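Asks: generate coordinates for the sequence data below:
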Amino acid sequence: MSSDTTTLHLVIADLFAYAVRSSTPLPLHTLATWLPKSHIQLLDYSTGSTPTLWRLFDLPLQTQLPIAPITYLHDFGAIEGNQSYLRIDPVYLQADRDKLILFDVFQQHPPDRADVDAILQSLNAFYQADGLHFCAATPERWYLRLPDLPDLETTPLLDVIGRDIQAFMPRGADKRRWCALMNEIQMLLHAHPSNQRRSEQRLPPLNSLWFWGLGHLPTPPTVRWQQVWSDDPLARGLAQLSNVPHQAMPNNAQTWLQQLSQAGEYLLTVSPTQGTAWETWLHQLDTIWFEPLYKALKTGQLQQIYLYPCDGRVFSITQRQARQWWRWRKPWQTYAKSHFAQLPVSRLDL
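Replies: Take a look at the predicted model:
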């Protein structure tokens, strides 16, 4: 790629989720113009925002990705030596006959910081002799610093929400010890005054911690990014690991475009606004992101855009393709996964 080229890599997880879930048409003018002019390529890895970001930072995929130390690096700024970390995010387990269903308590009933600190203080006091250290960067992101790296395979929290936990419990040679630890922590949480107060207020208690993301920091990769913009702690942590300048997402594409000072490759991730309906968010996305970016592509401020919907595909469009007026607009829902088999694609190894 030419040194005087400005290229944007835009990651939008679940961009097509609405189209898959609903058959109701939702007109998005710019996206419907953009996608038919794009070249669709298959990626060499599975779906999801985590593997997409992992490969965009030139890190090898493996059975269990060490998410915990990466997000810890973002949250706390540094990691001493080759420390191992485990994400231990608080959840609500609800009994349903012979099942235990896991729910995310932060969607509607997040705990306050005082309750989080009180629970962490109790856990650290109880497990001090075992060399375990509990901490939290935010009420929803908790960590366990380990004296050594156990032989353990875990499942990411997002893959378990709304499901029976039985099939997703820790696996590996050390699973018995860690399943026992999870059960012991559940008993401590059940008796904790903070959870007693939540129960009295008819709020779901934080009655378990979910273990996932185990590992230590990988070797810092050499990456192509001039700069990264994201509100995703994983993307920010990967940027920090790679010594790439990074900052929070601007409110809109016009603000972002004004920050560009030189040519290069830029990475930007956009996430749904919490509490905003899908339809509203997609309309905002089309108006304040896609429209200005598409205009910047046509006028030459950007030379190429790669759009990653995190479903195993990337849509690439160049300035020349954006100017192809004879390619007609097509409903953007056509490009959802359910219609994918009908579209011409090629394979891309990132």
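Asks: report pLDDT for Ala341.
Replies: You'll see Ala341 listed with a pLDDT of 40.
Asks: typo on my end, Leu56
Replies: Leu56 is given a pLDDT of 96.
Asks: following whichever strand or helix holds Trp212, which helix or strand comes up?
Replies: Assigned by DSSP states H and E, Trp212 falls within strand 208-215. For strand 208-215, the succeeding helix or strand toward the C-terminus, using DSSP H and E, is strand 225-229.
Asks: name every strand pairing with that following strand and say which way it goes.
Replies: strand 246-247 (parallel), strand 264-270 (parallel) (DSSP bridges).
Asks: and that strand, how far out from the chain middle?
Replies: Centroid displacement of strand 225-229 relative to its chain, using C-alpha atoms, centre = their mean, to the nearest Å, is 17 Å.
Asks: now the strand holding Trp212, how far from the chain's geometric center?
Replies: For strand 208-215, the distance to the chain centre is 16 Å (C-alpha atoms, centre = their mean).
Asks: assign the residue lying closest to Val105 once chain neighbours are set aside to helix, strand or coil.
Replies: In space, and not counting its chain neighbours, Val105 is closest to Tyr92: 4.7 Å by C-beta to C-beta, 6 or more residues apart in numbering. Quick note: C-beta positions are derived from backbone N, CA and C, even for glycine. Secondary structure, DSSP: H, G, I helix; E, B strand; the rest coil: Tyr92 is strand.
Asks: from Ser199, how far out is Tyr92?
Replies: As for Tyr92, its distance to Ser199 is 11 Å (criterion: C-beta to C-beta, to the nearest Å).
Asks: Leu123 now?
Replies: From Leu123 to Ser199 the distance is 19 Å (C-beta to C-beta).
Asks: out of those two, which sits in the more crowded spot?
Replies: Taking other C-beta atoms under 10 Å, Leu123 and Ser199 do not tie; Leu123 has more neighbours (22 against 13).
Asks: how far off strand 208-215 does the strand or helix carrying the more buried one point, in degrees?
Replies: In the assignment (DSSP H and E), Leu123 maps to helix 113-127. Angle of helix 113-127 versus strand 208-215, following axes from the mean of the first three to the mean of the last three C-alpha atoms, to 10 degrees, is 70 degrees.
Asks: buried ones in helix 113-127?
Replies: Asp115, Val116, Ile119, Leu120, Ser122, Leu123, Tyr127 (16 or more other C-beta atoms under 10 Å).
Asks: kindly list the longest helix within this protein.
Replies: In the chain, taking DSSP state H as the definition, the longest helix is helix 175-191.
Asks: what's the next helix or strand after that helix packed up against?
Replies: Going down the chain from helix 175-191, the next helix or strand is helix 193-200, by DSSP H and E. Counting contacts by 3 or more C-beta pairs under 8 Å, 6 or more residues apart in numbering; DSSP states H and E, helix 193-200 packs against helix 113-127.
Asks: centre of the chain to the helix or strand that comes right after the helix it packs on, how far?
Replies: Following helix 113-127 in sequence order, the next helix or strand is strand 133-138 (DSSP H and E). Between the centre of strand 133-138 and the centre of its chain there are 19 Å (C-alpha atoms, centre = their mean).
Asks: residues in contact with strand 133-138?
Replies: Applying C-beta atoms under 8 Å, 6 or more residues apart in numbering, the external contacts of strand 133-138 come out as 71-72, 75-76, 88, 116-117, 120, 123-124, 127, 142-145.
Asks: partner strands of it, with direction?
Replies: In its sheet, and by DSSP bridges, strand 133-138 pairs with strand 141-146 (antiparallel).
Asks: rounded mean pLDDT for the partner strand, please.
Replies: Here the average pLDDT along strand 141-146 is 96.
Asks: what of stretch 6-24?
Replies: Stretch 6-24 comes out at a mean pLDDT of 84.
Asks: thinking Asp58 is in contact with Thr222, fair?
Replies: Yes: at 7.1 Å, Asp58 and Thr222 qualify as touching, with contact defined as C-beta atoms under 8 Å.
Asks: more neighbours, those two?
Replies: Asp58 (13 against 8).
Asks: what distance do you get for the closest residue to Pro27 other than its chain neighbours to Pro110?
Replies: Distance criterion C-beta to C-beta, 6+ apart; nearest residue to Pro27, sequence neighbours excluded, is Pro331 at 7.8 Å. Distance check for Pro331 against Pro110: by C-beta to C-beta, it reads 37 Å.
Asks: I'd like to know how many residues surround the closest residue to Gln240 other than its chain neighbours.
Replies: Ranked by C-beta to C-beta, 6+ apart and with sequence neighbours excluded, the top spatial neighbour of Gln240 is Leu73, at 5.4 Å. Leu73: 20 surrounding residues under other C-beta under 10 Å.
Asks: please report how far Leu73 lies from Pro66.
Replies: From Leu73 to Pro66 the distance is 10 Å (C-beta to C-beta).
Asks: mutual contacts of these two, please.
Replies: Leu217.
Asks: returning to what we had before: which strands and helices sit next to the helix holding Leu123?
Replies: strand 133-138, helix 175-191, helix 193-200.
Asks: good, wrapping up.
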